[in-house]
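Chemist: After the sequence you'll find the predicted model.
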Amino acid sequence: MNAALAHPRLQQVEHASLAALREALAPHAVWFHAPAEPLEVPADAALAARLVLHRCGPAAALVLHELGPADLAPLRQLSAFAFLARPTAALPAFEERSPAAPLLRQRFRCFFSHITGFTPARASRIGTLEFLVSATDRLARFPEIGTGWVLTEAHGRPPVRLVFILDLVQDFEVLRPLMAMAAQPFGPFQPVVSVSERIRGSHLWQEVQAFLNALNLPHFRPLGPADVAAALGSRRSVLVTASETSASAHAFSHDSCRSAPPRALRVTFQHGYECIGLRHHRAHDLQFPQGLRFASDLIFVWMHGEQLPNLHPADRDRCRAVGVTKQTTHRAALLLENEWLGAAPTPLPGPVGQNAVIVAENLHSNRFSSPHRHQRFLRFVEALHDQEALRVVVRSHPGKRTLEKARKGGSFVFLEGSLAADHFLASQGVVSAASTILLDAALCMRPAAVWTDMIELGDVENYDGLPVVEAAEDVSPAMLEEPERKSLAAFAWGIRNTAAMDGTSHAWRQLCGLFN
């Protein structure tokens, strides 16, 4: 730990590791968000002398020793956001007895960690690391500040029918945490799940079936959109999808939304970092020159509107930025918070249990419509696999499993089934062509590197901020050297490109709030 004065009256401490930063912040109940440089120093010399800026790479926090009510006015000019680091169970007494109580009365934005499941209505819950690396404008627009969590059925009202559509394999990871919330007893919804033939015939069906049965979620096999409309009924209802656009691959969910009865609210969720209809890559621009449209009434998206350049202007008002709604990040938020609090991660058995590098392939993508580019990426995966210094586990895209089907039984080790945050946390990082799995790794705070053959640099423009690799020998310096610094940099990139790390709880509150 090196201490230096960034200003004659303001102490700045640069920590060499997150562990050192955690140790420095642990004794303090209140931290303040550190605005971007240049940091103005309070005119009050006595206040400035008690103020310390703690940093570790992109993570930063302001700590004020012996905080008192008189400090709040000058602090407001310096930082508008406060993080109360106490467990939420102690907050009522903390609010009453602490000198920090005026923070709430003076409308400071207060954020709480993921330690417990209860969040006071006046604040919003956020992970410690997410708070430490967020920019000021991101915190200012953080989803659902000041909204309470709706858990119980409204008195005197019948539950609202809620129909989930599982059509594509990737729908399951996006909708899984929401289905679990909907299955809670005494909730405001009566859930039922439509499971298409594509899901029933996939390699994930046994896992999906076990999940539905464990939660006692009723499900049915639709013959067409008319069966989904019949399940919604004529009363108030909600239809939830995770892959709904006018693209042919999304036809079932799109037609189901178009066929829904008049009193049904149609909601779709963004299902990928580069998601057609929202944020394309260059190959999608060529594939859909006229753009794509949504039939849903609401679109819950992972990022704010300016980060969705391919959204049709007529659909922009339907979007609600809630953050990433995936099982992976939903669990990663909890695991990272536990790790920050000093809890050791549970060792994960299986192919990733020995600090392997996950190499992901999505060779079915239209990015690889050129046979030459397809072969260049395949040679890259093979060369990386042949390096003795690395232990490589291959993750094929769950929709097509191109390499897994072609090479299963050979020398490659594959990561099969559903992805879990635990897989990323057990790994050394992820290397992939442009794909959502890079965002998954980044938000699990693991290094991530994006492959390109350098001929089409525009192909990775949506991943600006991640290291780019072309050959197998580029991987170690780009991703594995100085792993903690690379992990923090990847995490900060992921946070910049999302409205919230765990958007599932925000989306659920908004969905419930529509029927209060």
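Modeler: Great, that's in hand.

Chemist: didn't residue 187 look like it was pressed against residue 159?
Modeler: Yes - in this structure, residue 187 is within contact of residue 159 by Cβ atoms under 8 Å, at 7.3 Å. Placement of C-beta: from N, CA and C, glycine included.

Chemist: neighbour count winner among the two?
Modeler: residue 187 (19 against 15; other Cβ atoms under 10 Å).

Chemist: Now the more buried one. Its backbone dihedrals?
Modeler: Its backbone dihedrals place residue 187 at phi -80, psi 180, with angles given as degrees, to the nearest 10.

Chemist: Please report how far it lies from residue 309.
Modeler: Look at residue 187 and residue 309: by Cβ to Cβ, to the nearest Å, they are 37 Å apart.

Chemist: Kindly report the same for residue 259.
Modeler: As it turns out, when the distance is counted by Cβ to Cβ, residue 259 lies 30 Å from residue 309.

Chemist: The two - which one has more neighbours?
Modeler: Neighbours were tallied for residue 259 and for residue 309 using other Cβ under 10 Å; the higher tally belongs to residue 259 (18 against 10).

Chemist: who's residue 432 bridged to?
Modeler: Following DSSP bridges, residue 432 is listed with bridge partners residue 360, residue 450.

Chemist: thought it was touching residue 450?
Modeler: Yes - the criterion here is Cβ under 8 Å, and residue 432 meets it with residue 450 at 6.6 Å.

Chemist: residues shared between the contacts of the two?
Modeler: residue 438 (Cβ atoms under 8 Å, 6 or more residues apart in numbering).

Chemist: Compare neighbour counts for these two and give me the winner.
Modeler: In this comparison of residue 432 against residue 450, neighbours counted by other Cβ under 10 Å, the higher total goes to residue 432 at 26 against 23.

Chemist: In the longest helix seen in the chain, which residues are buried?
Modeler: Looking across the chain with DSSP state H, the single longest helix is helix 371-386. Of the residues in helix 371-386, those with enough neighbours to count as buried (16 or more other Cβ atoms under 10 Å) are 373-374, 376-378, 380-381, 384-385.

Chemist: Next SSE downstream of the helix or strand of the chain with the lowest mean pLDDT?
Modeler: For the chain, the helix or strand with the lowest mean confidence is strand 2-7, at a mean of 41 (criterion: mean pLDDT, DSSP states H and E). Toward the C-terminus, strand 2-7 is succeeded by strand 10-14 as the next helix or strand (DSSP states H and E).

Chemist: pLDDT on whichever helix or strand comes after that next one, on average?
Modeler: Towards the C-terminus, the helix or strand next in line after strand 10-14, according to DSSP H and E, is helix 18-25. Confidence for helix 18-25, expressed as mean pLDDT, is 93.

Chemist: Compute the inter-axis angle for helix 18-25 and strand 10-14.
Modeler: Put simply, helix 18-25 runs at 150 degrees to strand 10-14, going by axes from the mean of the first three to the mean of the last three Cα atoms, to 10 degrees.

Chemist: which residues touch helix 18-25?
Modeler: Counting by Cβ under 8 Å, 6+ apart, residues outside helix 18-25 touching it are 1, 13, 15, 31, 54-56, 59, 61, 63, 85, 129, 132, 340, 342, 484, 488.

Chemist: pLDDT weak spots in the stretch 351-500 of the chain?
Modeler: In the predicted model, the stretch 351-500 of the chain carries pLDDT under 70 at residues 353-354, 455-457.

Chemist: any chance you could map the strands in it?
Modeler: 357-361, 392-396, 429-433, 448-451, 468-469 (DSSP state E, counting those that start in this stretch).

Chemist: And the ones you listed: which comes nearest residue 367?
Modeler: When the strands of the stretch 351-500 of the chain are ranked by distance to residue 367, counting by Cβ to Cβ, first place goes to strand 429-433 at 6.6 Å.

Chemist: Verify the stated contact: residue 491 with residue 443.
Modeler: Yes - with contacts defined as Cβ under 8 Å, residue 491 counts as touching residue 443 at a distance of 6.8 Å.

Chemist: what about these two, which has more around it?
Modeler: Under the criterion of other Cβ under 10 Å, the comparison of residue 491 against residue 443 puts residue 443 first, with 31 against 27.

Chemist: Would you mind measuring from that one to residue 289?
Modeler: The spacing between residue 443 and residue 289, counted by Cβ to Cβ, is 32 Å.

Chemist: Lovely, talk soon.
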